[in-house]
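**Q** sequence and predicted model, in that order:
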Amino acid sequence: TLNVVNPEFLSGANISVTLTRDFMNAVKEDGMFELRFPDLENYTKEQKEVYDRHWHEIGDVRDWVKMGYPVKVYRSIRARDLWDLISFCATYSAEPGIFFIDNANDMTNAKAYGQKVVATNPCGEQPLAPYSVCNLAAINLANFVDRKSGEVLYDKLSRTVALTVRMQDNVIDDTPYFLEPNREQALGERRIGLGVMGLHDLLIWAGKRYGSVDSINTIDEVFRVIAETAYMTSVELAKEKGSFPFLTSREAFINTGYMRTMNDDVRQAVLDHGIRNSHLLTIAPTGSTGTMVGVSTGLEPYFSFSYFRSGRLGKYIEVNAKIVEDWLEFHPEYTKETLPDIFVSAMELSPEEHADTQCAIQRWIDSSISKTVNAPRGFSVRQVQKIYERLYDGKAKGGTVYVDGSRDSQVLSLTNDEDANWAQMDIVHDFGINVKEKQVDEKKTDLRADRQDRNIGVEVGDICPICLEGTVEEMGGCNTCTNCNAQLKCGL
């Protein structure tokens, strides 16, 4: 047991809570929920040895019960009370994110070879089985649209997807694995994660407003082409080099939750020839590479199309996203001040548009997605809950809601109603945690004096170039702004 007394404990980590279908059903039905764990205090020596050897591979108390081992109910609670606590923390501190583990296991191909998802990486795009690893790559969607006509270049996209799948399959064999279980798992399931960057750029060039129904239709077609091409390429690789070793039943593989959504041509090809890779698709943040090449990162919309960077003499230089200048060259009838609504920013989109876009893409992704749903300042706990429930019902495997200003919120409430007939929550009594009614501004950067000798950039300690409010800290492998939560340098 670890006693935590330091309020800064784990302040630099991405935290996600794993929620089951049982829990979400109990929330909807306002039912009770049992907090259970293996009854270690009363285990025999043999049971304890089994726990030590295998619990990390199982990780699910429901399966532990099916295996015949005793579990203990530590507490029975009203599910909505815990749901309120999780949502309260997410609303006012941007943590935790949520991982819907049953949604993930419903759609994983790992079930075809007797495995399942037990956890996810910090950013949420890779739900993995024990010891699974995955090499990631991303194609720049901005390169697959005709800038004059707005036509999406699907043939070019298909050729690039096929080439990238082949490259990533080769990476599996050329990777040094430090742990033998990682090597066995990687070579056994041959999992890869092909993703994207520049989605918002593609939509802008195609004349579609991110989050609109029209854009969702385009997104659906883009990711259908990516998914079907990736899988057919993996079938071709299986013909040349053989299927992934863990594949013992092609029939079982084509009947996983994900494969049942694929068209009959892909499923029949797998049945006839096998498949080289167990999983092929993921959407990682691509913070560093997307920023490096000057496009939107991952599947995210642009957080802003302009920001200010400090010079050597403390002066501020306005920097505009490259897409603005490039687009204006083709559309001289517009100016920076009169851009059309296709230049919508992350904070201008409704949270529902963020969530619906994520769910539309998840349909075609066999792993998962790293995505932040941005919500406006003042968004209530109840509204945050509705977004998480929208993601869950839309078959998302997880999600994060960031409420603008949540890092420096002052008034803590469960609703944003102007009606004063309800009482302010007693945070300590209701939730068992200490929360300051007014957050200390120790991490909030002053807009004037301390900027003269501080760099605006994406490295740890810099001032955030997006909001010019927070400082950049390393959080779960990503250089992240403490104020706007923008992931400025992360992973790929």
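**A** Great, that's in hand. The model shown is predicted, which means the values in this text are computed figures rather than measured ones.
**Q** just want the most central residue of this protein.
**A** For the chain, the residue sitting closest to the mean C-alpha position, by Cα atoms, centre = their mean, is residue 370 at 1.9 Å.
**Q** test my guess that that one contacts residue 290.
**A** No: at 11.8 Å, residue 370 and residue 290 do not qualify as touching, with contact defined as Cβ atoms under 8 Å. All C-beta spots, glycine's among them, are computed from the backbone N, C-alpha and C.
**Q** where do the contact lists of the two overlap?
**A** Residues within reach of residue 370 and of residue 290 at once, by Cβ atoms under 8 Å, 6 or more residues apart in numbering, are residue 298.
**Q** show me the strands in the stretch 301-450 of the chain, by range?
**A** With DSSP state E, counting those that start in this stretch applied, the stretch 301-450 of the chain shows strands at 306-310, 316-320, 372-375, 398-403, listed in chain order.
**Q** can you list the strands that the shortest one pairs with?
**A** Based on DSSP bridges, the pairing partners of strand 372-375 within the sheet are strand 398-403 (parallel).
**Q** worst-scoring helix or strand of this protein, pLDDT-wise?
**A** One helix or strand of the chain scores below all others by mean pLDDT, DSSP states H and E: helix 427-431, with a mean of 41.
**Q** pull the longest helix from this structure.
**A** Counting by DSSP state H, the longest helix found in the chain is helix 213-241.
**Q** check the offset of that one from the chain's centre.
**A** In terms of Cα atoms, centre = their mean, to the nearest Å, the centre of helix 213-241 is set 20 Å apart from its chain centre.
**Q** give the buried residues for it.
**A** In terms of neighbour count (16 or more other Cβ atoms under 10 Å), helix 213-241 has its buried residues at 215-216, 218-219, 222-223, 225-238.
**Q** downstream neighbour of that helix in the secondary structure list?
**A** For helix 213-241, the following helix or strand on the C-terminal side (DSSP states H and E) is helix 250-253.
**Q** for that next one, name the packing helices and strands.
**A** Contacting helix 250-253 under the criterion 3 or more Cβ pairs under 8 Å, 6 or more residues apart in numbering; DSSP states H and E are the following elements: helix 264-273.
**Q** I'd like to know which elements the helix it packs on is packed against.
**A** helix 213-241, helix 250-253.
**Q** name the residues that touch the helix or strand following it?
**A** The element immediately downstream of helix 264-273 (helix or strand, assigned by DSSP H and E) is helix 287-293. With contacts defined as Cβ under 8 Å, 6+ apart, helix 287-293 is touched by 138, 140, 197-198, 296-298, 458, 478-479, 487-492.
**Q** could you identify the most distant pair in those residues?
**A** In those, the most distant members under the criterion Cβ to Cβ are 140 and 479, with 21.1 Å between them.
**Q** so where's the protein uncertain?
**A** 1-13, 307-319, 407-454, 466-467, 476, 490-492 (pLDDT under 70).
**Q** just after the strand or helix carrying residue 139, pick out the following helix or strand.
**A** Using DSSP H and E, residue 139 falls within strand 135-140. Following strand 135-140 in sequence order, the next helix or strand is helix 154-174 (DSSP H and E).
**Q** what's the neighbour count on residue 306?
**A** When neighbours are defined as other Cβ atoms under 10 Å, residue 306 has 12 of them.
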